[in-house]
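# here is a sequence with its predicted model. Questions after.
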Amino acid sequence: MVSWLLGIGNGQAQLSATNALNAPIKRVLMLFSEGRESTGSLMLEQSLRTEMLKDTTNRLEFYVEHLDAGRFSDQSHFRLFQDYLGKKYAGQHLDLILAVPSRNYVLAEQLPGDLFPNVPVVFVTVNELEVPHGLHDQEVTGIIQRFDLRGTFALMLRLQPDTRHIVVIGGTSDGDRATLARISEVAPTLEGIDFQFWTNRPVADLPEAVKKLPDGTAILLSTIQRDVTGQQYFMTQVAQLLAPSANAPVYVLGAAALGSGALGGAVVDPEDLGVRTAKLATRVLNGASPESVAIEIDTKGTQMVDWHALQRWHIKESRVPPDCNVRFRPETLWAEHRYIILAFLAVFVAQALTIAGLLTQRRQRRLAEIEVLNQRTELAHVSRVSTMGQLSSALAHELNQPLGAILRNAEAGELFLQKEKPDLDEIRAIFADIRKDDERAGNVINRMRSLLKRRSLESDPLDLQGLIEETITLARPDAIARRIHLSLRVAPELPLVLGDRVHLQQVLLNLMLNGMDAMSACRTADRVLSVVARMAGHDIEVVVKDRGTGIPADKVERVFEAFFTTKSDGMGMGLAISRTIIEAHGGKIRAENNPDKGASFIFTLKPAV
């Protein structure tokens with residue numbers, strides 16, 4: 001029965017996915033007056049996208065363009081923007097234009113009509129500007145939200161009942177003046193409050209001025225799209241500039257300004273506004289004619305306060321209205337997760353009864369881990385022995401050279417000693433050559449012995465350059481026999497690495513031998529094996545690069561799997577053991593094909609601290 005039900009559920013899910021893929025694509029062009037850095041525009045865009053994707057059965061494609069009128073408000077920039085849109089979207093079928101004008105209605109009224117005359121337009125804006133008559137006569141609908149000034153003043157007087165002075169800070173643009181005019185209309189209804197309007201002061205001078213306000217003062221930050229000097233601003237910028245230095249609470253009209261130090265207000269909530277606009281846009285996308293949907297003009301504010309600002313101004317939360325949204329309040333663990341804590345306590349009691357059994361299992365698991373570690377060490381040792389077996393003929397040749405030189409020097413010494421008056425200087429030179437060749441042969445044997453030892457992984461500070469040079473010395477005889485040129489590049493002043501010399505040599509030697517094998521069928525001129533050591537961020541990166549046949553594209557991700565090999569006579573364990581060793585050192589190893597020819601194996605190591 002369960003399987004049957006699951007089958008139905010999976011079938012329905014697949015059907016829904018198929019329907020979604022087969023649904024028609026609707027293309028929506030979103031036009032914003034402000035630039036991408038406008039916090040309010042970003043919040044509104046996210047809300048619009050989320051709600052429209054949730055409400056529609058169509059597949060939606062969004063295109064977003066920003067006029068950036070806050071920085072470039074001249075007509076030449078607007079014409080450039082207009083030309084840019086016309087060329088970019090020529091031939092592109094658009095189903096809806098979502099316009100978000102802020103400083104005027106051009107994005108909703110003039111621009112779409114000039115460029116996309118047959119595309120329906122839904123706009124949303126927050127301002128106090130008069131609605132152009134021509135907007136009602138076009139294929140346009142939308143939402144115009146006014147600021148809830150009465151709600152902001154009511155919240156202000158509730159939080160600060162002793163308020164006697166209100167300083168209103170505003171700008172000089174057309175939108176700024178329209179908002180100030182609305183404030184001037186509401187101000188006389190607040191009896192006993194002295195209003196001051198700061199509209200002729202540069203914003204740059206305001207941080208110093210708001211430090212010296214009399215007791216019983218509150219600051220209302222109106223819109224400031226442009227100050228008296230012509231400088232362009234966003235409300236969030238001005239709030240961040242004034243709130244930290246002001247000696248009176250700052251109230252704002254937009255939710256995006258909260259978090260800057262402002263206390264709050266009956267603000268425009270971009271998320272709520274985005275949801276309402278998305279529902280209207282979805283209606284139009286589904287076939288409703290824009291001219292049949294009346295433009296909504298609404299005064300709506302959501303009471304919000306910043307918890308940190310409440311603490312700064314020592315305002316008790318009992319004064320905050322019950323339906324007011326308190327932002328950024330750090331919830332206590334008990335208040336936020338009471339039921340979860342109780343559930344965890346119940347689980348903890350149940351778990352306590354099973355700990356004794358788990359401890360036994362833990363001991364068994366640790367014993368198993370030790371056994372796995374021992375087996376891994378043994379396997380690594382077997383791999384090293386196998387690797388040395390591959391090098392045996394070349395190493396024998398390298399040993400024969402000093403041993404042969406020792407024999408020849410000994411024979412020459414015997415001849416000198418047979419003379420009646422032997423040349424002692426020549427005999428001393430012969431002994432010196434014998435000693436040097438003996439040390440050379442001893443070094444070869446010692447390097448072989450160190451790699452053949454059975455040992456567990458140790459961790460010591462190592463000179464990576466010396467370790468690589470020593471490994472190349474081991475591999476060079478085999479490379480000479482195969483007519484392969486070895487190249488080493490080590491970045492200057494590399495830090496020491498923390499690791500096990502023998503195990504890291506095993507990894508490097510295995511990668512070098514694999515690279516040599518990969519070039520066995522190449523021309524002699526192409527047989528170049530490079531070893532590079534360099535910094536990569538905070539790690540040290542070692543690259544072994546060959547110019548061989550490369551790795552088949554479908555097998556690159558599998559080369560480190562145990563028993564997987566691309567060689568006809570390979571066991572498939574060398575790279576798997578190498579990965580285990582590197583990961584035990586806290587590093588990572590990967591393989592990739594070179595752009596030109598061959599493959600590279602790259603592993604990283606942590607510097608010794």
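That came through, no problem. Every value quoted in this text rests on a predicted model; they were computed, and no experiment measured them.
# per-residue pLDDT, the residue lying farthest from the centre of the chain?
No residue in the chain sits farther from the centre than residue 420, which is 84.8 Å out by C-alpha atoms, centre = their mean. Predicted confidence (pLDDT) at residue 420: the value is 71.
# part of a helix, is it?
No: assigned with DSSP: H, G, I helix; E, B strand; the rest coil, residue 420 falls outside any helix and is coil.
# center of this protein, which residue is that?
residue 537 (15.8 Å).
# host element of residue 111?
In the assignment (DSSP states H and E), residue 111 maps to helix 106-115.
# give me the neighbour count for residue 543.
17 (other C-beta atoms under 10 Å). Using the backbone N, CA and C atoms, a C-beta is placed for each residue, glycine as well.
# any figure for the gap between it and residue 95?
Residue 543 sits 51 Å away from residue 95, going by C-beta to C-beta, to the nearest Å.
# pull out the buried positions in the helix or strand residue 44 falls within.
Under the criterion of DSSP H and E, residue 44 resides in helix 39-55. Neighbour counts over helix 39-55 (16 or more other C-beta atoms under 10 Å) mark 39, 40, 41, 43, 44, 45, 47, 48, 49, 51, 52, 55 as buried.
# what residues are up against the closest residue to the fourth one other than its chain neighbours?
If the residues on either side of it in the chain are set aside, residue 43 comes closest to residue 270, at 3.8 Å by C-beta to C-beta, 6 or more residues apart in numbering. Listed by C-beta atoms under 8 Å, 6 or more residues apart in numbering, the contact set of residue 270 reads 40, 43, 44, 47, 254, 255, 256.
# doesn't residue 479 make contact with residue 513?
No: Residue 513 lies out of contact with residue 479 (C-beta atoms under 8 Å); the separation is 9.6 Å.
# any idea how far the helix or strand where residue 340 lies is from the chain center?
Assigned by DSSP H and E, residue 340 belongs to helix 338-352. Counting by C-alpha atoms, centre = their mean, to the nearest Å, helix 338-352 is centred 35 Å from the centre of its parent chain.
# which of the residues in it are buried?
Buried, per 16+ other C-beta under 10 Å, within helix 338-352: nothing.
# how about stretch 130-141?
Of the residues in stretch 130-141, those buried (16+ other C-beta under 10 Å) are 135, 138, 140, 141.
# still on that earlier bit, who are the packing partners of the helix holding residue 44?
strand 25-32, strand 59-66, strand 96-100, helix 235-242, helix 270-285 (3 or more C-beta pairs under 8 Å, 6 or more residues apart in numbering; DSSP states H and E).
# can you list those in a markdown table and add mean pLDDT and distance to residue 307?
Below are the helices and strands packed on helix 39-55 laid out as a markdown table (pLDDT from 0 to 100; distance: least, C-beta to C-beta, whole Å):
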| stretch | mean pLDDT | distance to residue 307 |
| --- | --- | --- |
| strand 25-32 | 93 | 30 |
| strand 59-66 | 93 | 32 |
| strand 96-100 | 92 | 30 |
| helix 235-242 | 92 | 16 |
| helix 270-285 | 93 | 19 |
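# could you list the low-pLDDT ranges of this protein?
Low-confidence segments of the chain (pLDDT under 70): 1-22, 136-137, 334-336, 369-409, 411-412, 415-416, 433, 436-457, 567-573.
# please repeat the previous calculation with a cut-off of 50.
1-9, 11-19, 391, 393-394, 397, 452 (pLDDT under 50).
# farthest-separated two in the contacts of residue 270?
The largest separation in those, counting by C-beta to C-beta, is between 47 and 254 at 13.9 Å.
# how many neighbouring residues does residue 276 have?
Other residues close to residue 276 by other C-beta under 10 Å number 18.
# returning to that earlier point: let's have the buried residues of stretch 130-141 in TSV, adding secondary structure and distance to residue 80.
Below are these laid out as TSV (DSSP: H, G, I helix; E, B strand; the rest coil; distance: C-beta to C-beta, whole Å):
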residue	secondary structure	distance to residue 80
135	helix	24
138	coil	24
140	strand	24
141	strand	28
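# hmm, back to that, wait, which of the buried residues of helix 39-55 is closest to residue 590?
Nearest to residue 590 among the buried residues of helix 39-55: residue 49, at 36.3 Å, using C-beta to C-beta.
# which residues in the stretch 451-600 of the chain form helices?
If DSSP state H, counting those that start in this stretch is used as the criterion, the helices of the stretch 451-600 of the chain fall at 464-481, 501-518, 574-584.
# now do the shortest one: distance to the chain's middle.
Pointing back at helix 574-584 there. Worked out by C-alpha atoms, centre = their mean, helix 574-584 lies 28 Å from the chain centre.
# that one: which residues count as buried?
Going by 16+ other C-beta under 10 Å, helix 574-584 has these buried residues: 574, 575, 576, 577, 578, 579, 580, 581, 582, 584.
# with the first one instead?
Taking 16+ other C-beta under 10 Å as the basis for neighbour counts, the residues of helix 464-481 that come out buried are 464, 467, 468, 470, 471, 472, 474, 475, 477, 478, 479.
# is it true that residue 147 touches residue 126?
Yes: between residue 147 and residue 126 a contact is recorded at 7.3 Å, counting by C-beta under 8 Å.
# mind listing the shared neighbours of these two?
residue 268.
# which one of the buried residues of helix 574-584 is nearest residue 34?
Closest to residue 34, out of all of those and judged by C-beta to C-beta, is residue 582, at 50.1 Å.
# how close does that closest one get to residue 464?
The gap separating residue 582 from residue 464 is 13 Å, by C-beta to C-beta.
# what's the overlap in contacts for these two?
Joint contacts of residue 582 and residue 464 (C-beta under 8 Å, 6+ apart) are residue 605.
# now the helix holding residue 340 - C-alpha only, PDB.
Below are the C-alpha coordinates for helix 338-352, written out as PDB (Å, rounded to 0.1, in the frame of the first residue of the first chain):
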ATOM      1  CA  ARG A 338      10.600  27.000  24.000                       C
ATOM      2  CA  TYR A 339       8.900  23.900  22.500                       C
ATOM      3  CA  ILE A 340      12.000  22.900  20.700                       C
ATOM      4  CA  ILE A 341      14.000  23.000  23.900                       C
ATOM      5  CA  LEU A 342      11.300  20.900  25.700                       C
ATOM      6  CA  ALA A 343      11.500  18.400  22.900                       C
ATOM      7  CA  PHE A 344      15.300  18.300  23.100                       C
ATOM      8  CA  LEU A 345      15.100  17.700  26.800                       C
ATOM      9  CA  ALA A 346      12.800  14.700  26.200                       C
ATOM     10  CA  VAL A 347      15.200  13.400  23.600                       C
ATOM     11  CA  PHE A 348      18.100  13.900  25.900                       C
ATOM     12  CA  VAL A 349      16.600  11.800  28.600                       C
ATOM     13  CA  ALA A 350      15.900   9.100  26.100                       C
ATOM     14  CA  GLN A 351      19.400   9.300  24.800                       C
ATOM     15  CA  ALA A 352      20.900   9.100  28.300                       C
END
